[in-house]
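J.: this one's sequence-less:
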């Protein structure tokens, strides 16, 4: 099969004519039905619905783009309602052109327009035709008329990120037909598939910052505590995201020199940005080629897009409700409460954000931008709440694959050739949440061990019976493991004083799990900081102040291992049955059973790197991973989660054109950045320089 034929139906002119004729006929039928239903709408003669539909179609296809070219942005803001009002006024105008047609009010005109848009969107969906094809053609012709000639430019690159989709899940999705576009690429040999190993912090913040900027130093999780500022950094907070990017950007990000960032956390120094957390204009005040509303404006200017997107969003809301009810009736475990608002939040990521991002990417392609990065968030969001390979999560994968196929077809209209690279920022590991499995959150458990109270620190308060169950389990496990016994002997030998704990810094900017103790969780990692002591607190101090803390943690059935620092032994990883010293090579530093066995071949080097971060917490806890059942208990209340080591969360995937050099083994997002940078150089893209100049690398 030729590459042109494989791109599908986007460019087949016969299908365009068939679509127009079918939409015309069905709109005419719909207008006739509206004539029977609406009091303020009348088409008394037999030929009027057909004529009215033709004029209305011509208005949408011809005059509407001209109107929108000069209309102020506010005309289509607020979810595109302004576009319906403008075209509704056009419908009123048509009623004065066609004899005896009555459209009494603007409200009636808008209803007629909504029905027309719904019919056009339904036909496009049923026939699997891209409803934006005419727009693509017009835009492509406009760029050609503007004199844009990019035939001699190197191929552009689309970096399409499917958030949270792990390597193993991709392979099964390709095998089972859930990713037909990617499967076709592999079958014909145009692309190759490989995995890459994430950092210890296997989450979007660390991975995307590393990919786009080539550095993710000191990013400890999706959120982490900085003791010197008494502040919890959160990658999903606009101000914090902007600060993270400021710390890591040198002006030479992967998207510098005319690139575009759509729908992610960081800009990668792109000139064109929308739907990107670190670049929200009213917070960051950055001057960029786009604003966050640019893609919004372009997309919702088309009434068909509005109806199709919100119709699809409504379907997704119903799908989520149905999936939740089915899980409850079937008694599926693990399962979490999704809440009354989650169906709408889910539709926002799986449908609305997806459609906006795809529309923005198509605009970037038609503009010939050299590198475009986009993040599809929907799968990660659904996997958190339903599981990594349950039916509704797989449905989201199929919808994203369909959009990738749409971009693949639209590439032929761009003024330059594009290479499509599809990747993920991390995978997901499934399991029964720590809070549900053990009856209390990790924050509550640590707070209780440190002398706090269950209601303190803003931690989630479980039912009384669950609290008692968790306490009983913790007490029953105390002292069973050899490492816990050794830690207790050390604390007893040191003669730890029973000193009063103060609520220093009260009221503090960050809630304490106990006086002087901050606990921050990020998926499968929990980070403990003791705020009464500046800098990194050593294990000897922890044993003196909280003699029961480390033995209880190391023996807890939900804890896999912990990173601490010793004055005498340096950085140490503690497990229930063994200890590993990170400053000793190979197995020389292992005593007992290696606590990192089963957490991947690169666990030692990744943990050693994290230990060197400036804001590394006093204790870093990783959840326990069961290799046999392939599950772990995340510290956040999720079914599918990530952020640490153990299972699929550590394995992202990378699908790339087979003509590009093989990347070899990739460990960490910074190395992933170097791979993509080398590909851009291989394709002929210039390398950004610190002064903002671009030079070709020889």
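T.: Structure received. Remember, it's a predicted structure, so these values are computed and weren't measured experimentally.

J.: check contacts around residue 536.
T.: 565, 616, 618 (Cβ atoms under 8 Å, 6 or more residues apart in numbering). (C-beta placed from N, C-alpha, C; glycine too.)

J.: for these, pick the one with the most neighbours.
T.: Among those, residue 618 has the most neighbours (other Cβ atoms under 10 Å), with 24 neighbours.

J.: does the closest residue in space to that one that isn't next to it in sequence count as helix, strand or coil?
T.: Nearest residue to residue 618, sequence neighbours excluded (Cβ to Cβ, 6 or more residues apart in numbering): residue 537, at 4.0 Å. State at residue 537, reduced to three classes by DSSP: H, G, I helix; E, B strand; the rest coil: coil.

J.: so residue 537 is in contact with residue 531, correct?
T.: No. Between residue 537 and residue 531 there is no contact under Cβ atoms under 8 Å: 9.6 Å.

J.: how near is residue 187 to residue 194?
T.: 17 Å (Cβ to Cβ, to the nearest Å).

J.: ok, the two, which is more surrounded?
T.: Neighbour tally, residue 187 and residue 194, criterion other Cβ under 10 Å: the higher count belongs to residue 194, 17 against 12.

J.: now residue 645: which helix or strand?
T.: Residue 645 is located outside every helix and strand, with elements delineated by DSSP states H and E.

J.: did I read that right, residue 678 in a helix?
T.: Yes. Under three-state DSSP, residue 678 sits within a helix.

J.: is it correct that it is in contact with residue 661?
T.: Yes. In terms of Cβ under 8 Å, residue 678 counts as a neighbour of residue 661; the distance is 6.9 Å.

J.: and these two? which has more neighbours close in?
T.: For residue 678 versus residue 661, neighbours defined as other Cβ under 10 Å are more numerous around residue 678 (14 against 10).

J.: list the residues that contact the nearest residue to residue 527 once chain neighbours are set aside.
T.: Computed as Cβ to Cβ, 6+ apart, the closest residue to residue 527 that is not its neighbour in sequence is residue 617, at 3.8 Å. Contacts here follow Cβ under 8 Å, 6+ apart; on that basis residue 617 touches 220, 224, 225, 520, 527, 528, 529.

J.: how does it look with 10 Å?
T.: 220-221, 224-227, 518-520, 525-530, 536-537, 563-564, 610 (Cβ atoms under 10 Å, 6 or more residues apart in numbering).

J.: can you get me a residue count around residue 335?
T.: For residue 335, using other Cβ under 10 Å, the count is 18.

J.: secondary structure class for it?
T.: Classified using three-state DSSP, residue 335 is coil.

J.: do you know how far it is from residue 110?
T.: 42 Å.

J.: go on, residue 592?
T.: Residue 592 is 73 Å from residue 110, by Cβ to Cβ.

J.: same deal with residue 95?
T.: 13 Å.

J.: so for the chain, the centremost residue is which one?
T.: residue 377 (3.4 Å; Cα atoms, centre = their mean).

J.: for the spatially closest residue to residue 434 that is not a sequence neighbour, give me phi and psi.
T.: In this structure, residue 434 finds its nearest non-sequential neighbour in residue 633, 4.3 Å apart by Cβ to Cβ, 6+ apart. Per-residue torsions, residue 633: phi -100, psi 100 (degrees, to the nearest 10).

J.: do I have it right that residue 633 meets residue 644?
T.: No. With contact defined as Cβ atoms under 10 Å, residue 633 does not count as touching residue 644 (11.1 Å).

J.: show me which of the two is the more surrounded one.
T.: residue 644 (31 against 25).

J.: backbone dihedrals for the more buried one, please?
T.: Dihedral angles for residue 644 - degrees, to the nearest 10 - are phi -140, psi -150.

J.: for the closest residue to residue 105 other than its chain neighbours, give me its contacts.
T.: Beyond its immediate neighbours in the sequence, the residue positioned closest to residue 105 (Cβ to Cβ, 6+ apart) is residue 40, lying 5.6 Å away. Residues near residue 40 by Cβ under 10 Å, 6+ apart: 102, 103, 104, 105, 107, 108, 109, 111.

J.: that older thread, shared neighbours of residue 633 and residue 644, which are they?
T.: 429, 524, 560, 623, 625.

J.: look up how far residue 212 lies from the closest residue to the first one other than its chain neighbours.
T.: If I follow you right, that is residue 429. Closest residue in space to residue 429, ignoring its immediate chain neighbours: residue 647 at 3.6 Å, by Cβ to Cβ, 6+ apart. Between residue 647 and residue 212 the distance, using Cβ to Cβ, works out to 26 Å.

J.: before we move on, what about residue 244?
T.: 11 Å.

J.: between those two, which one's more packed in?
T.: More crowded of residue 244 and residue 212, by other Cβ under 10 Å: residue 212, with 31 against 25.

J.: pLDDT score assigned to that one?
T.: pLDDT recorded at residue 212 is 97.

J.: and if you look at residue 43?
T.: Confidence score, pLDDT, at residue 43: 81.

J.: sorry, back to before: higher neighbour count, residue 592 and residue 110?
T.: Taking neighbours as other Cβ under 10 Å, residue 592 and residue 110 compare with residue 110 leading, 19 against 15.

J.: what helix or strand is the residue lying closest to that one once chain neighbours are set aside on?
T.: Excluding the flanking residues, the one nearest residue 110 by Cβ to Cβ, 6+ apart is residue 88, at 4.1 Å. Per DSSP H and E, residue 88 falls inside helix 81-97.

J.: moving C-terminal of that helix, what's the next helix or strand?
T.: strand 102-103.

J.: mind listing the strands that following strand pairs with, and their directions?
T.: Looking at strand 102-103 with DSSP bridges, its partner strands are strand 41-42 (antiparallel).

J.: right, and the helix or strand after the partner strand?
T.: In N-to-C order, the element after strand 41-42 by DSSP H and E is helix 48-58.

J.: now for that next one, which elements pack on it?
T.: With contacts defined as 3 or more Cβ pairs under 10 Å, 6 or more residues apart in numbering; DSSP states H and E, helix 48-58 has these neighbours: helix 13-37, helix 81-97, helix 106-126.

J.: what number of residues lie near the closest residue to residue 605 other than its chain neighbours?
T.: Closest residue to residue 605 apart from its sequence neighbours, by Cβ to Cβ, 6+ apart: residue 667 at 7.6 Å. The number of residues packed near residue 667 is 17, by other Cβ under 10 Å.

J.: contacting residues for residue 667?
T.: 196, 197, 198, 199, 600, 601, 602, 605, 606.
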